[in-house]
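Novice: pasting the structure only:
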């Protein structure tokens, strides 16, 4: 379990770091293709991360409002701000 | 017995010297050559490239002059077409800006690179016949075409100097970290950081708060990161003394990060109960509204110590002058060189540029940070030596019209 939670992410980070540092010295089209592919993956993952982040934000502040925790009014303002921005984004 | 057989190890050196001095002797040798097709024509796949490129090489001729023109011809028979034309006294190997370890001919030979692009398409794996013609007035002669196949390469040998320096620098940093783990590494005294304890002690004695600013930058700026790291150290000591800490922010992300850092410091100091969530608070992103608000805090709360870490702009003097008027101990640290004079004149201690980055290692004394700092110092010293040596060698090269200094200078160039 420790391997999956700590060592595996470190190993992936290390390997990815070495591969992309080496990519700078490899002019072969395969190397360029790999970089383009990974950049696309990065964009896809960023999209999912954004969805995850916004969902988490909504959830945390919904709990604050429901429990009437100190400063819950700010959470309400945040909700209003986010929903207003999304609505404005769809309208214009 | 020849000199070479007596001293076989001198042979590569002698060849290198001959190659470099060749431009000084070649023009006289070629001057007597009659108008003839380009000699020693060679066409090769361009080395260290991503493919779809060919390199054409041929010998310098006695008739090379601005009024004579070379033509590069691609294809054979009826499909032959001219892809480039240029004066005969141009396009030499030395102009191609390849480093000496990847040059494919002598510096004074002609070189032309064919690459897929506008109006030209070269496919990897397809053989292409290439010829070179020379035109002088109405006369035109052409060398027999030579075939070559473009192919992509797996290693860019032009950038091997870059890789070598990266590995060397990495080895120095790791070596320094190992050395730091084994023995104490000397770090020059930084009075501004030595005064941190004094400032916190004074605030505790007076029962007044400590004001800590992280500057105008966001979390992507190294100076803001350094400011956040130093805040961690300051907060740990503040927690131990149970003194009040005020950290007003201009950036909400920096505020969130600093809040976590402060919380962690209080935990490490064994005083989580003393930690206040609102010790880090957001004011505004507007430069002068923020400055006015912080000045107000200084005048109302009269902190005993003010820390100005990170990057600053026009607000620097407005903040530090107000702080000085309240009689607080002021410690600044910034890499904003344009604001340094103001900090130096209005603060008791100033961390100048690099000292801000060294502060974390200085305060923590952790071997990894100390070793990295020492490794970076070696790197900077190395760059300074290379700058001085490079200037000297480049000047010598121009004065004596020789390519010899390029043997060293190419090693430190950013080559593509």
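Specialist: On my side now, so go ahead. Everything numeric here is computed off the predicted structure, so don't read it as measured data.
Novice: what about the strands in the stretch 301-416 of chain B?
Specialist: Secondary structure of the stretch 301-416 of chain B (DSSP state E, counting those that start in this stretch): strands at B:305-309, B:329-334, B:349-352.
Novice: of all those, which lies closest to chain A?
Specialist: Closest approach to chain A among these is made by strand B:305-309 (27.5 Å; Cβ to the nearest Cβ). Just so you know, the C-beta spots here come from the backbone N, C-alpha and C atoms, and that holds for glycine as well.
Novice: so what are the sheet partners of that closest one and their directions?
Specialist: If you go by DSSP bridges, strand B:305-309 pairs up with strand B:210-213 (parallel), strand B:329-334 (parallel).
Novice: these: which one's closest to residue B:42?
Specialist: strand B:329-334 (57.8 Å; Cβ to Cβ).
Novice: that closest one: how far from the chain's middle?
Specialist: Centroid separation for strand B:329-334 versus its chain: 29 Å, with Cα atoms, centre = their mean, to the nearest Å.
Novice: need the strands paired with strand B:305-309 in JSON lines with mean pLDDT and mean neighbour count, can you?
Specialist: Converted to JSON lines, those look like this (pLDDT from 0 to 100; neighbours: other Cβ atoms under 10 Å in any protein chain shown):
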{"stretch": "strand B:210-213", "mean pLDDT": "98", "mean neighbour count": "26"}
{"stretch": "strand B:329-334", "mean pLDDT": "96", "mean neighbour count": "26"}
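Novice: between the ones you listed, which gets nearest to residue B:243?
Specialist: Minimum separation from residue B:243 across those (Cβ to Cβ) falls at strand B:210-213, 5.9 Å.
Novice: need the next SSE after that closest one, C-terminal direction.
Specialist: Next helix or strand after strand B:210-213 toward the C-terminus (DSSP states H and E): helix B:222-241.
Novice: list the helices and strands that next one packs on?
Specialist: Applying 3 or more Cβ pairs under 8 Å, 6 or more residues apart in numbering or on different chains; DSSP states H and E, one finds that helix B:222-241 contacts helix B:191-206, strand B:210-213, strand B:245-249, helix B:252-268, strand B:305-309, strand B:329-334, helix B:354-364.
Novice: next, format the ones you listed as JSON lines and append distance to residue B:231.
Specialist: Listed next are these as JSON lines, based on distance: least, Cβ to Cβ, whole Å:
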{"stretch": "helix B:191-206", "distance to residue B:231": "11"}
{"stretch": "strand B:210-213", "distance to residue B:231": "6"}
{"stretch": "strand B:245-249", "distance to residue B:231": "7"}
{"stretch": "helix B:252-268", "distance to residue B:231": "6"}
{"stretch": "strand B:305-309", "distance to residue B:231": "7"}
{"stretch": "strand B:329-334", "distance to residue B:231": "11"}
{"stretch": "helix B:354-364", "distance to residue B:231": "11"}
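Novice: go through the ones you listed and find the least confident stretch.
Specialist: For the helices and strands packed on helix B:222-241, mean pLDDT drops lowest on helix B:354-364, to a mean of 85.
Novice: list the contacts for residue B:239?
Specialist: Going by Cβ atoms under 8 Å, 6 or more residues apart in numbering or on different chains, residue B:239 touches B:265-266, B:269, B:271, B:274-275.
Novice: for residue B:148, which non-adjacent residue is closest in space?
Specialist: Spatially, and ignoring its direct neighbours in sequence, residue B:148 is nearest to residue B:43 (4.0 Å; Cβ to Cβ, 6 or more residues apart in numbering or on different chains).
Novice: who's in contact with stretch B:83-99?
Specialist: B:23, B:57, B:60-61, B:63-74, B:103-114, B:119-120, B:134, B:158, B:161, B:403, B:410-411, B:413, B:415.
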